[in-house]
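> Quick one: sequence plus predicted model below, questions after.
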Amino acid sequence: MKRNMIVTIGITLAAMLVAANAMAGCTVYRHKNYVGAPKAIAAGQEISSLERKWDNKISAVKVSSGCQLTLWKKADFQGDKRAFTGNAKFVGNRWNEVVSSATCSCQEVDQNQSTDRE
């Protein structure tokens with residue numbers, strides 16, 4: 001009985017780690033405080049030119065644990081850039097509504113590392 005419980009717990013933890021890796025990524029928002037429709041940017045995704053709906057419209061970002069969102073002021077990853085490794089309710093006056101390209105890169109979640117975020 002004890003062995004079955006340990007196996008079940010192990011399988012559950014492994015499934016949680018797979019799910020955490022699958023959900024890892026970045027999200028941008030049109031308004032500060034995460035207001036407005038979100039745009040997900042998947043782990044490993046590179047957007048050289050944000051579509052018109054999002055170009056020069058980003059005001060807030062959410063970044064999963066172990067990920068980095070890099071924003072550029074110009075298309076094709078040109079101009080000033082800024083990297084975020086955590087959430088930002090507001091990207092700041094200098095970066096508000098000036099982003100034209102973005103990348104989201106994530107490390108795999110280490111099995112010994114917590115996946116909890118505040």
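Received it, and whenever you're ready, just let me know what you need. Numbers count the residues shown, from 1 in each chain.
> When you work out contacts or count neighbours from here on, use the C-alpha atoms and nothing else.
OK.
> For stretch 28-36, the averaged confidence score.
Averaged across stretch 28-36, pLDDT comes to 97.
> Spatially, which residue comes closest to the residue most central in space within the chain, not counting chain neighbours?
Most central in the chain under Cα atoms, centre = their mean is Cys26, positioned 1.7 Å from the mean C-alpha point. Excluding its sequence neighbours, the residue lying closest to Cys26 (Cα to Cα, 6 or more residues apart in numbering) is Val63, at 4.5 Å.
> Might you report the residue contacts of that neighbour?
By Cα atoms under 8 Å, 6 or more residues apart in numbering, the contact list for Val63 reads 25-27, 69, 84-87.
> Kindly report the same for Lys57.
Here Lys57 is in contact with 30-31, 96-99 (criterion: Cα under 8 Å, 6+ apart).
> again, only using 10 Å
By Cα atoms under 10 Å, 6 or more residues apart in numbering, the residues touching Lys57 are 28-31, 50, 95-100.
> Could you tell me the model confidence score at it?
Value for Lys57, per-residue pLDDT: 97.
> cool, and Lys62?
According to the model, Lys62 scores 98 on pLDDT.
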